[in-house]
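Novice: Quick check, what structure comes out for this input:
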Amino acid sequence: MTADHAEQVLAIYQAGIDEGNATFETIAPTWPEFDTAKLPAHRFSALDADGTVLGWVAAAKVADRCAYAGVVEHSVYVRPDARGRAIATTLLTALIESTEAAGFWTVQSGVFPENTASLAVHARAGFRVIGIRECMGRHHGVWRDTVLVERRSPRID
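Specialist: Sure thing, here's the model as predicted:
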């Protein structure tokens with residue numbers, strides 16, 4: 001994913017935001033904000049033959065504390081008109097390969113329980129449900145739960 005993809009990546013993010021079951025965010029960040037927050041080696045775009053971005057995945061540090069040095073949180077988004085084509089699976093596979101190669105031991109995400117498609121794609125990619133985080137935050141004035149999912153590296157010593 002490069003700055004050349006910025007407009008499309010942020011449009012896909014905003015589409016997910018607008019659907020209401022992807023994130024607590026209410027507006028996509030600017031590209032500089034997004035670019036600063038996401039780890040450059042662990043973000044990917046899926047492109048069609050003409051270069052249109054169909055989806056993206058990106059990871060960010062969970063914390064700066066050394067104990068969490070091998071833990072990242074990720075997001076994966078697919079254009080509404082590109083869903084059902086295994087794009088999220090392809091993107092998660094790329095993320096898993098890059099984080100494994102970099103020595104990360106945990107990739108995690110919080111998913112709204114209503115987002116059953118995301119939960120299913122994460123399960124197929126080897127993520128497990130850790131638990132429900134009740135009333136994790138307010139979204140449009142309503143308390144929302146999140147499902148904490150994680151994939152642990154099999155390479156942990």
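Novice: now the nearest residue to Ala102 once chain neighbours are set aside: how far from Val72?
Specialist: Of all residues not flanking Ala102 in the chain, Ala41 sits nearest, at 6.5 Å (C-beta to C-beta, 6 or more residues apart in numbering). In short, each C-beta sits where N, CA and C put it, glycine included. For Ala41, the distance to Val72 (C-beta to C-beta, to the nearest Å) stands at 11 Å.
Novice: now Leu47
Specialist: As judged by C-beta to C-beta, Leu47 and Val72 stand 23 Å apart.
Novice: quick one, which of those two is more surrounded?
Specialist: Val72 (24 against 15; other C-beta atoms under 10 Å).
Novice: can I assume the residue nearest to Ala102 sits in a strand?
Specialist: No - counting by DSSP: H, G, I helix; E, B strand; the rest coil, Ala41 is not found in a strand; it is helix.
Novice: pLDDT at it, what is it?
Specialist: pLDDT recorded at Ala41 is 96.
Novice: Then Asp157?
Specialist: Confidence at Asp157, expressed as pLDDT, is 61.
Novice: Over to Gly103?
Specialist: For Gly103, the model assigns a pLDDT of 93.
Novice: List the residues that contact Val136.
Specialist: No Val there; residue 136 is Met. Contacts for Met136 (C-beta atoms under 8 Å, 6 or more residues apart in numbering) come out as Phe24, Gly110, Arg144, Asp145, Thr146.
Novice: Do I have it right that the last one meets Gly131?
Specialist: Right, Thr146. No - under the criterion of C-beta atoms under 8 Å, Thr146 makes no contact with Gly131, lying 9.7 Å away.
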